[in-house]
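Asker: I need the structure of the sequence given here:
(2 chains)
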2 protein chains.
Amino acid sequence: MRYQPSDIAGGPTIKSRVTTHGGRGMTLEQEINESNQYYLAHDIAVIHKKPTPIQIVKVDYPKRSAAVIREAYFRQASTTDYNGIYRGRYIDFDAKETKETTRFPLDNFHQHQVDHMRQCLKQGGICFGLIKFVSLDQLYLLKASDLISYWDQQNTANGRKSIPMSVFQQRAISVKYQLNPLIAYLDAVDQLI
Amino acid sequence: MRYQPSDIAGGPTIKSRVTTHGGRGMTLEQEINESNQYYLAHDIAVIHKKPTPIQIVKVDYPKRSAAVIREAYFRQASTTDYNGIYRGRYIDFDAKETKETTRFPLDNFHQHQVDHMRQCLKQGGICFGLIKFVSLDQLYLLKASDLISYWDQQNTANGRKSIPMSVFQQRAISVKYQLNPLIAYLDAVDQLI
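Answerer: Numbering: from 1, shown residues only, chains lettered A, B, ... in the order given. This next block holds a predicted model:
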């Protein structure tokens, strides 16, 4: 099964590259989903990935079997991919991977995702990016406010199109891999609350 | 475009019946989406409907045009349809319509939706059902705790399979249609907070 990359024709962001962390061969999305299942099963948080939005055009209804979608298209999401509740707080984030080792290119995010984070922050939500430098095997939680300030300076004179690694080292929270959950990113969220 | 009803082969809940409220010809889902757009545009709340989950099996990649999904199936959602943030609080709900006039049949809800509400309540979320009696043109916000208590008594001796209208009149909050937003259901949420 192949997927269209996100930058072509409005397809979704699919993390098809497989990491070898801990020999588990999981994508960042799978790692987060597994962590969310752990948090849910242990009554720690209720956080889910939203389904990819699809525009359905044609559906067949075979007798005595399930409906089959025969023509549909990927649509642009209007929000981030993950949200939910933790310790009474609204949680909202997106996950991104980069192969870069010295900087995080801002074009990994889309305008609507940044706009959505801005809106959630106004309402008092906890918003961030989970950003993985796959070549370095390093994962960071970057506050949405830091992401937004870099996003907004892009179009200024001498604006940067990326966030330097030094910013992650100084301002982001490092998230370590472990067991149960695999990614304890809510420990990092505790530092934001 | 036709849809599979939710009770066949795990298809999604689709509100295909069109109401004539105010001559607008909108489904309850459309009414809620329009209200959510108003709340979003006015910085009142950030609440979105989640996309219908789809299992994608086959995708075509025509040259120079968008990817086309050629085989896919409706999947059962693991959460309710709507969530977001309002006044710093996590909001989570589902919307249901019934043609009944004296009771609300509990089989409009699915086990996983009730389980999800229970989990969100544990985390301190604001959870409820928006339930429309379409023949009566009446809309109610029913707290998840009331819904759950009726849900749980179904399998007891003499358990009811529906919630009587009198419970809505006594315990639910009536939501009136108006302009801007069409359904001011967050006014009803204010009474829960």
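Asker: so where's chain A uncertain?
Answerer: For chain A, applying pLDDT under 70 flags the ranges A:1-24.
Asker: any idea how far apart the tips of stretch A:167-176 sit?
Answerer: 18 Å (Cα to Cα, to the nearest Å).
Asker: identify all contacting residues around it.
Answerer: Contacts with stretch A:167-176, where a contact means Cβ atoms under 8 Å, 6 or more residues apart in numbering or on different chains, come from A:104, A:130-131, A:133, A:138-143, A:146, A:150, A:183-185, A:187-188, A:191-192. Yep, even glycine has a C-beta here, placed from its N, CA and C like the rest.
Asker: the residues you listed in strands, which ones?
Answerer: A:104, A:130, A:131, A:133, A:138, A:139, A:140, A:141, A:142, A:143 (DSSP state E).
Asker: what's the closest of the residues you listed to chain B?
Answerer: Nearest to chain B, judged by Cβ to the nearest Cβ, of those is residue A:143 at 16.5 Å.
Asker: so what's that closest one closest to, chain neighbours aside?
Answerer: residue A:128 (5.4 Å; Cβ to Cβ, 6 or more residues apart in numbering or on different chains).
Asker: is that neighbour in a helix, a strand, or coil?
Answerer: Under DSSP: H, G, I helix; E, B strand; the rest coil, residue A:128 falls in the strand class.
Asker: for the longest helix seen in chain A, buried residues please.
Answerer: For chain A, the longest helix by residue count, based on DSSP state H, is helix A:28-41. Residues of helix A:28-41 classed as buried: A:28, A:29, A:31, A:32, A:33, A:34, A:35, A:36, A:38, A:39, A:40 (neighbour count, 16 or more other Cβ atoms under 10 Å in any protein chain shown).
Asker: so in that sheet, which strands flank the helix or strand just after it, and in what orientation?
Answerer: Sequence-wise, the next helix or strand downstream of helix A:28-41 (DSSP states H and E) is strand A:45-49. Strand A:45-49 has the following strand partners under DSSP bridges: strand A:82-86 (antiparallel).
Asker: run through who's touching the strand it pairs with.
Answerer: A:32, A:36, A:39, A:44-50, A:90-95, A:126, A:186, A:189, B:83-84, B:90, B:92, B:120, B:123-125.
Asker: distance between it and the chain's centre?
Answerer: 12 Å (Cα atoms, centre = their mean, to the nearest Å).
Asker: after it comes which helix or strand?
Answerer: strand A:89-98.
Asker: how about that following strand: buried residues?
Answerer: Under 16+ other Cβ under 10 Å, the buried positions of strand A:89-98 are A:89, A:90, A:91, A:92, A:93, A:94, A:95, A:96, A:97, A:98.
Asker: so how far is residue B:42 from the residue of chain A positioned farthest from its centre?
Answerer: Largest separation from the mean C-alpha position in chain A: residue A:63, at 39.1 Å (Cα atoms, centre = their mean). Counting by Cβ to Cβ, to the nearest Å, the separation of residue A:63 from residue B:42 is 48 Å.
Asker: how about residue A:148?
Answerer: With Cβ to Cβ as the criterion, residue A:148 and residue B:42 are 21 Å apart.
Asker: quick one: which of these two has more around it?
Answerer: Taking other Cβ atoms under 10 Å in any protein chain shown, residue A:148 and residue B:42 do not tie; residue A:148 has more neighbours (17 against 10).
Asker: which residues does the helix or strand encompassing the more buried one contact?
Answerer: Element membership of residue A:148, judged by DSSP H and E, is helix A:144-153. Identification of contacts with helix A:144-153 by Cβ under 8 Å, 6+ apart yields A:93, A:106, A:109, A:114, A:117-118, A:120-121, A:127-129, A:159-160, A:163, A:167, A:171-172.
Asker: from these, which land in helices?
Answerer: A:114, A:117, A:118, A:120, A:121, A:167, A:171.
Asker: state the distance from the closest residue to the third one other than its chain neighbours to chain B.
Answerer: Once flanking residues are discounted, residue A:118 sits nearest to residue A:148: 6.1 Å by Cβ to Cβ, 6+ apart. Residue A:148 sits 15 Å away from chain B when distances are taken as Cβ to the nearest Cβ, to the nearest Å.
Asker: distance of residue A:148 from residue A:122?
Answerer: Distance from residue A:148 to residue A:122, by Cβ to Cβ: 11 Å.
Asker: same deal with residue A:77?
Answerer: From residue A:77 to residue A:122 the distance is 19 Å (Cβ to Cβ).
Asker: residue A:106: neighbour count?
Answerer: 17.
Asker: contact partners for it?
Answerer: A:150, A:151, A:154, A:160, A:161, A:162, A:163.
Asker: and of those, the nearest to chain B?
Answerer: Looking across those and measuring by Cβ to the nearest Cβ, the closest to chain B is residue A:151, at 17.9 Å.
Asker: how close does that closest one sit to residue A:98?
Answerer: For residue A:151 relative to residue A:98 (Cβ to Cβ), the value is 15 Å.
Asker: so what's the most centrally placed residue in chain A closest to, chain neighbours aside?
Answerer: Residue closest to the average C-alpha location in chain A (Cα atoms, centre = their mean): residue A:95, at 2.0 Å. Excluding its sequence neighbours, the residue lying closest to residue A:95 (Cβ to Cβ, 6+ apart) is residue A:130, at 4.4 Å.
Asker: is it true that the one you found touches residue A:31?
Answerer: No: judged on Cβ atoms under 8 Å, residue A:130 makes no contact with residue A:31 at a distance of 9.4 Å.
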